[in-house]
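K.L.:
I need the structure of the sequence given here:
(one chain, ligands or ions: 1)
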Amino acid sequence: MGAQPYYGPDFDLLRRQDPELAQVLLDELERLRGGLQLIASENFTSPAVLAALGSTLTNKYAEGYPGRRYYGGCEVVDRAERIATERARRLFGADHANVQPHSGASANLAAYAALLQPGDTMLAMALSHGGHLTHGSKVNFSGRWFDVVSYGVRRDTELVDYDEVRDLALRHQPKVIVCGATSYPRLLDYAVFRGIADEVGAWLMADIAHPAGLMAAGVVPSAVPYADVVTFTTHKTLRGPRGGGILCTEELAARVDRAVFPFVQGGPLMHAVAAKAVAFGEALRPEFAAYARRVVANARALCDALAAADMRPVSGGTDTHLALIDLRGLGVSGAEAERRCAAAGITLNRNAIPYDPEPPAVTSGLRVGTPCVTTQGMGPEELKEVGTLVAEAVRNPGGAGDVRERVTALLTIHRPYLSEY
Ligand SMILES: *Cc1c(COP(=O)(O)O)cnc(C)c1O
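P.N.:
Numbering: from 1, shown residues only. This next block holds a predicted model:
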């Protein structure tokens, strides 16, 4: 018998009714069990989250909010959404939570819609320095509909240049300042961002898509006390279903809710809302705080092992779940390093480093993260070995077979969807 995903008897049903598609699910489980998953934005949800996702709540139309829906028969799904919002508020210490955004990008679209009109000015981190597409890239709605001013990191420290943020804010008077990033290994100083926003009368929006789980666990300082609006994803460090959410002050609650529905979205995905509730419940437990602490300790161990092999961590290290590696010392591009790692059974992504001389499809960097390997039970000792394996795979493509064997040895002990959550 092949590998079993967590669908129990329902999976056998799928296998009988649609073997072609069932095989895709089995192959994907096999793929993620068969290699090291180091993509910083991914994680492995619990079987309980998968169970909620695979539920009949997917059938229900529930446009609106609990107690004020535009369809009948919502009294049961209302309970799921109330539990989810109540847990999200408790988890982050927020006044208000909206758990309906389908993704992080949808949450950002709604947050902008709540705060801005087309043509308004916003200040956000440049994509090339670690920001996100939805923070004003020209190929995204945010860059098309708003007047975007971008800040970056300093060349010498590779840390956010707060003097530049302040100068740009004073000069351009943005209506919204966005802080948050997709490949920034260090902590952001939200108090400084708050001060700058207050100085120019801007809203402060924190996009914590990446560190949300670490903040929920209290392992890194939270943006919630400082920002007017906080957007997050539920599937990265938070280890829930793929999805998004928004936290905000009481003052903005009605504006944010109207922006999510009816402005940006139609019916919410109630099975995903239920799965978010399950994930928030898991994140409220002390075991999750221990998990998040280990994610960070593991990232440090991985980063140190890579640094010892001449793979320079941008900014000199990490305070979070991810590290950004400058490969220029090895003379290997990000794209080539990504390919060499894939050949050795290691999945990660090439990533631009600040002031990268290479184009985005090539890059000079790699991004690595520890949410997945930590979920499958690895600790700092194993991450030291993982660092050695990544370095070996990148430096010596001829030895991919040996590296793959050592990867397999690690995975026979730490297999995802076999250990306890
Ligand atoms: C991942 C990410 C998003 C988008 O999340 P999706 O669910 O992929 O839409 C938004 N902002 C930041 C900073 C991210 O890292």
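K.L.:
what residues does this protein have near the ligand?
P.N.:
41, 103-105, 108, 132, 134, 180-182, 207, 209-210, 233, 244 (Cβ under 6 Å from any ligand atom). In this view, the C-beta of every residue, glycine as well, is placed from N, C-alpha and C.
K.L.:
number of nearby residues for residue 283?
P.N.:
Other residues lying near residue 283 total 26 when counted by other Cβ atoms under 10 Å.
K.L.:
kindly report the same for residue 169.
P.N.:
For residue 169, the count of nearby residues is 22 (other Cβ under 10 Å).
K.L.:
got the contact list for it?
P.N.:
123, 177, 196-197, 199-200, 202 (Cβ atoms under 8 Å, 6 or more residues apart in numbering).
K.L.:
top of the residues you listed by number of neighbours, please.
P.N.:
In terms of neighbour count, residue 123 stands highest of the contacts of residue 169 at 28 neighbours, by other Cβ under 10 Å.
K.L.:
ok, that residue to the ligand distance?
P.N.:
To the ligand, residue 123 is 15 Å away according to Cβ to the nearest ligand atom, to the nearest Å.
K.L.:
so which residue of the stretch 251-400 of the chain comes closest to the ligand?
P.N.:
Going by Cβ to the nearest ligand atom, the ligand is nearest to residue 322 of the stretch 251-400 of the chain, at 10.1 Å.
K.L.:
how about that residue, what does it touch?
P.N.:
For residue 322, the contact set (Cβ under 8 Å, 6+ apart) comprises 40, 183, 185, 210, 299, 367-370.
K.L.:
helix or strand for the closest residue to residue 126 other than its chain neighbours, which one?
P.N.:
Closest residue to residue 126 apart from its sequence neighbours, by Cβ to Cβ, 6 or more residues apart in numbering: residue 150 at 3.9 Å. With elements taken from DSSP states H and E, the one containing residue 150 is strand 147-151.
K.L.:
averaged pLDDT, that strand. What do you get?
P.N.:
On average, the pLDDT along strand 147-151 is 98.
K.L.:
which one of the residues of the chain next to the ligand is nearest the ligand?
P.N.:
residue 104 (2.3 Å).
K.L.:
if we can go back for a sec, C-terminal to the strand holding residue 150, what's the next element?
P.N.:
helix 162-172.
K.L.:
tell me the angle of that following helix relative to strand 147-151?
P.N.:
For helix 162-172 against strand 147-151, the angle by axes from the mean of the first three to the mean of the last three Cα atoms, to 10 degrees is 160 degrees.
K.L.:
give me the pLDDT value at residue 306.
P.N.:
98.
K.L.:
how about the contacts made by the nearest residue to it once chain neighbours are set aside?
P.N.:
Excluding the flanking residues, the one nearest residue 306 by Cβ to Cβ, 6+ apart is residue 387, at 4.8 Å. Applying Cβ under 8 Å, 6+ apart to residue 387 gives the contacts 301-306, 308-309.
K.L.:
got it, and residue 402?
P.N.:
Neighbours of residue 402 in contact, by Cβ under 8 Å, 6+ apart: residue 392.
K.L.:
quick one: low-confidence parts of the stretch 201-350 of the chain?
P.N.:
Counting by pLDDT under 70, not a single residue of the stretch 201-350 of the chain qualifies.
K.L.:
can you give me the strands for it?
P.N.:
For the stretch 201-350 of the chain, strands defined by DSSP state E, counting those that start in this stretch occupy the ranges 203-207, 229-233, 244-248, 312-313, 322-326, 346-347, 349-351.
K.L.:
how about these in JSON lines, adding distance to residue 216?
P.N.:
As requested, these are exported to JSON lines (distance: least, Cβ to Cβ, whole Å):
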{"stretch": "strand 203-207", "distance to residue 216": "14"}
{"stretch": "strand 229-233", "distance to residue 216": "9"}
{"stretch": "strand 244-248", "distance to residue 216": "11"}
{"stretch": "strand 312-313", "distance to residue 216": "25"}
{"stretch": "strand 322-326", "distance to residue 216": "17"}
{"stretch": "strand 346-347", "distance to residue 216": "25"}
{"stretch": "strand 349-351", "distance to residue 216": "24"}
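K.L.:
quick one, which of these is nearest to residue 396?
P.N.:
strand 346-347 (13.3 Å; Cβ to Cβ).
K.L.:
partners of that closest one, with directions?
P.N.:
Note on strand 346-347: by DSSP bridges, its sheet partners are strand 36-37 (parallel).
K.L.:
using PDB, write out every CA atom in the next helix or strand after the strand it pairs with.
P.N.:
Counting by DSSP H and E, the element after strand 36-37 in chain order, helix or strand, is helix 47-53. Below are the C-alpha coordinates for helix 47-53, written out as PDB (Å, rounded to 0.1, in the frame of the first residue of the first chain):
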ATOM      1  CA  PRO A  47      -4.200  16.700  10.400                       C
ATOM      2  CA  ALA A  48      -7.000  18.600  12.400                       C
ATOM      3  CA  VAL A  49      -6.600  21.600  10.100                       C
ATOM      4  CA  LEU A  50      -6.800  19.300   7.000                       C
ATOM      5  CA  ALA A  51      -9.900  17.700   8.500                       C
ATOM      6  CA  ALA A  52     -11.700  21.100   8.800                       C
ATOM      7  CA  LEU A  53     -10.600  22.000   5.200                       C
END
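K.L.:
can you list the strands that the next helix or strand after helix 47-53 pairs with?
P.N.:
Counting by DSSP H and E, the next helix or strand C-terminal to helix 47-53 is strand 64-65. Note on strand 64-65: by DSSP bridges, its sheet partners are strand 68-69 (antiparallel).
K.L.:
identify the residues contacting the partner strand?
P.N.:
62-63, 78.
K.L.:
what segments of the stretch 1-150 of the chain are helices?
P.N.:
For the stretch 1-150 of the chain, the helices defined by DSSP state H, counting those that start in this stretch cover 8-17, 19-33, 47-53, 75-92, 104-115, 141-145.
K.L.:
so which elements touch the third one?
P.N.:
With contacts defined as 3 or more Cβ pairs under 8 Å, 6 or more residues apart in numbering; DSSP states H and E, helix 47-53 has these neighbours: helix 270-283.
K.L.:
if you set the cut-off to 10 Å instead, what comes out?
P.N.:
Secondary-structure packing of helix 47-53 (3 or more Cβ pairs under 10 Å, 6 or more residues apart in numbering; DSSP states H and E): helix 8-17, helix 270-283.
K.L.:
what comes up buried for the first one?
P.N.:
Of the residues in helix 8-17, those buried by neighbour count under the rule 16 or more other Cβ atoms under 10 Å are 11, 14-15.
K.L.:
same check on stretch 331-347?
P.N.:
For stretch 331-347, by 16+ other Cβ under 10 Å, it's 332-338, 340-341, 344-347.
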